[in-house]
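Asker: Predicted structure and sequence below. I'll ask about it afterward.
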Amino acid sequence: MKTTAEARHKKLLESDAFRHLVFRRWRISLVLTAVLFVIYYGYILLIALNKPFVSTRIWGTTPIGIPLGAAVIVGSWALTAVYIAWANRYYDREAARLRNDLRD
């Protein structure tokens with residue numbers, strides 16, 4: 001019985017559907033990570049290379065760098081929400097389908 005279960009697991013791990021699912025997960029993770037790096041390091045470079053712009057006052061006494069920094073944080077939350085939405089719509093369904101195929 002254990003041998004049959006092991007054979008089914010091995011078949012699943014070697015299947016094109018499983019490999020495609022893993023590839024898509026890596027791709028979305030790497031794209032979102034790259035976007036986050038661009039946002040974060042773009043903000044850091046903006047501070048380092050254009051201090052007069054970042055120190056420009058808006059709303060009286062608030063420098064524009066403060067809302068830009070908050071936007072970096074909100075942007076990271078948004079990217080997390082994108083990943084969660086993708087996982088809920090695609091990844092979880094496909095993983096459940098593959099698990100069900102393994103049981104059959």
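Answerer: Right, received. Where do you want to start?
Asker: Pull out the buried residues from the longest helix along the chain.
Answerer: Longest helix of the chain, by residue count under DSSP state H: helix 16-49. Buried residues in helix 16-49, counted by 16 or more other Cβ atoms under 10 Å: 18, 21, 25, 28, 32, 36, 39, 43. In short, each C-beta sits where N, CA and C put it, glycine included.
Asker: Would you mind putting these into TSV with distance to residue 86 alongside?
Answerer: Formatted as TSV, the buried residues of helix 16-49 follow (distance: Cβ to Cβ, whole Å):
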residue	distance to residue 86
18	18
21	12
25	9
28	6
32	9
36	15
39	18
43	25
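Asker: least trustworthy helix or strand in this protein by mean pLDDT?
Answerer: helix 2-14 (a mean of 77; mean pLDDT, DSSP states H and E).
Asker: what about residue 60, which SS state?
Answerer: coil (DSSP: H, G, I helix; E, B strand; the rest coil).
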